[in-house]
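[1] Turn this into a structure:
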Amino acid sequence: MNWPGRLEKPRMLSRGDRVGVVTPSWGGPACYPDRFEAGMRYLAEEFGLDVAVMPNACKPAGWLHRNPQARADDIMLAFADPELAGVIASIGGDDAIRLIPHLDLALIAENPKVFLGYSDATVLHFACLKAGVTSFYGPTVMAGFAESGDMHEFSKQAIRRVLFSPDPPGKLPENFEGWTDERLDWAAPANQTRKRHLQAPVAPKVWQGTGIVRGRLIGGCAEVLEMLKGTEIWPPLDYWNGAILFYETSEEAPSPAVVTRWMRNFGTQGILQRIAGVVVGRPGGGIPAARHNDYGAAIAKVLAEYGAGRMPLITGLDFGHTDPMAVLPYGVEAEIDCGDASLSIVETAVTAGTKTGEGPA
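    You can find the predicted model right below:
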């Protein structure tokens, strides 16, 4: 399959839509069924979605690890089902890369629909990208919708603005709630109603660049991007022309030195010389806030090494392994404004379309 030009946008979600839940990586639903059920209930009660669990999504974690074909089969089944308006990952993990040989990109291309997830779901986003379909980097069932003590208002509004409306989502709003990457034991029932401790809000930081730049959003979880480099679903060099790279690190908390080496690979490929700007999510993994700027310094250093010392670079945005989290649509035009350290989604991410099951009058 050749790499597409402009991406096909899926139909927006509406209350009453049926969505499918898949487990592309770690078998979290079987390990923590109460947490999984909490997220399922929230999708139904807060967003009015009818949630269908794909056949293998709740199989034991060991069985899912041994059967990447079955995990991919669920994804293909969900995309092919005309009754499903969207597909949502149950949780992340670390081996969705093993699904690549089992994915049918032509089937995804023929059945564009909302796909939502983050972290290891980066693999599936790049599959959708090659298939020519916009997908969405955001909450999963267990990490996001099942947020302890209620989903953050910032996250709820992000879902509504990006997935439930055909209007351009606009500027990512200022986060007045604060942020957290505190880890609670999902096996303890009491923790499901206990809100995680919030750190004080911190405004994004502009490291370099001036004015406003626009470009298509491409990116994801840093560790997963490293696995994707060189695979059949890694975009060719010219696909990065004028793009905005969104980049975030996982709960594994790689050191700034490791991020430096990863970013040098982007530079050596020629990607850093082609993109329009870089936006970085707040790092996960319990890293003290005082050390967050170490990541920005590392990335700025690499940009300078590859002749991009004036390229816009903003860090500390609310996406990825931090809560609350924004929803970022792949391949959709976005705008970095260095004047107010903001990221805006200036193009609609979904279409009004025809609701699943409805035809012409």
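[2] Spell out, range by range, the strands that occur in this structure.
    18-22, 50-53, 86-89, 114-117, 136-137, 170-171, 205-208, 212-221, 244-248, 277-281, 313-317, 328-329, 333-337, 342-345 (DSSP state E).
[3] For the ones you listed, give me a markdown table that also has mean pLDDT, mean neighbour count and distance to H102.
    C-betas here are computed from N, CA, C, even on glycine. As requested, these are exported to a markdown table (pLDDT from 0 to 100; neighbours: other Cβ atoms under 10 Å; distance: least, Cβ to Cβ, whole Å):
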| stretch | mean pLDDT | mean neighbour count | distance to H102 |
| --- | --- | --- | --- |
| strand 18-22 | 98 | 23 | 13 |
| strand 50-53 | 98 | 16 | 20 |
| strand 86-89 | 98 | 28 | 15 |
| strand 114-117 | 98 | 27 | 16 |
| strand 136-137 | 98 | 27 | 22 |
| strand 170-171 | 97 | 13 | 37 |
| strand 205-208 | 98 | 18 | 40 |
| strand 212-221 | 98 | 21 | 20 |
| strand 244-248 | 98 | 25 | 27 |
| strand 277-281 | 98 | 27 | 29 |
| strand 313-317 | 97 | 23 | 33 |
| strand 328-329 | 98 | 30 | 25 |
| strand 333-337 | 98 | 21 | 31 |
| strand 342-345 | 98 | 21 | 32 |
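[4] closest to W262 out of those?
    Of all these, strand 244-248 sits nearest to W262, with 9.1 Å by Cβ to Cβ.
[5] Strand 212-221 and that closest one, what's the angle between them?
    40 degrees (axes from the mean of the first three to the mean of the last three Cα atoms, to 10 degrees).
[6] I'd say A276 and A308 touch.
    No. A276 is not in contact with A308 according to Cβ atoms under 8 Å; the separation is 10.1 Å.
[7] Near V224, how many other residues are there?
    For V224, the neighbour count with other Cβ atoms under 10 Å is 23.
[8] which non-adjacent residue is nearest it?
    T122 (4.0 Å; Cβ to Cβ, 6 or more residues apart in numbering).
[9] measure stretch 177-197 end to end?
    11 Å (Cα to Cα, to the nearest Å).
[10] Name the residues that touch it?
    32, 34-35, 38, 142, 146-150, 152-154, 198-202, 251, 282, 284-287, 318, 321-324 (Cβ atoms under 8 Å, 6 or more residues apart in numbering).
[11] switch the cut-off to 6 Å
    32, 35, 38, 148-149, 152, 154, 198-201, 284, 322-323 (Cβ atoms under 6 Å, 6 or more residues apart in numbering).
[12] and the spatially closest residue to I91 that is not a sequence neighbour, how far is that from G92?
    Take I91 and drop its neighbours on the chain: the residue closest to it by Cβ to Cβ, 6+ apart is G28, 3.7 Å away. According to Cβ to Cβ, to the nearest Å, G28 and G92 sit 8 Å apart.
[13] what's the model's confidence in stretch 228-242, averaged?
    On average, the pLDDT along stretch 228-242 is 97.
[14] Next: stretch 4-11.
    91.
[15] Only the buried residues of that stretch, if you could.
    L7, E8, K9, P10, R11 (16 or more other Cβ atoms under 10 Å).
[16] How about stretch 65-79?
    For stretch 65-79, by 16+ other Cβ under 10 Å, it's H65, P68, A70, R71, A72, D73, D74, I75, M76, L77, A78, F79.
[17] same check, this time on stretch 37-49
    A38, G39, M40, Y42, L43, F47, L49.
[18] Wait, S342 touches E174, no?
    No. At 8.6 Å, S342 does not count as touching E174 under the criterion of Cβ atoms under 6 Å.
[19] E251: how many residues sit nearby?
    For E251, the number of neighbouring residues by other Cβ under 10 Å comes to 18.
[20] Pull the number of nearby residues for the residue nearest to I91.
    25.
[21] in terms of contact, does it touch G93 like I think?
    No. With contacts counted by Cβ under 6 Å, G28 stays clear of G93, the gap being 7.6 Å.
[22] distance of P10 from L124?
    P10 is 14 Å from L124, by Cβ to Cβ.
[23] Now for R35: which residues touch it?
    M142, A146, W186.
[24] Roughly how far does the second one sit from A131?
    Counting by Cβ to Cβ, the gap from A146 to A131 is 28 Å.
[25] And the last one, by the same measure?
    Taking Cβ to Cβ as the measure, W186 falls 33 Å from A131.
[26] between those two, who's got more neighbours?
    A131 (25 against 20).
[27] confidence score at the more buried one?
    For A131, the predicted pLDDT is 97.
[28] ok, it touching A106?
    No. When contacts are counted by Cβ under 6 Å, A131 is not listed as touching A106 (7.4 Å).
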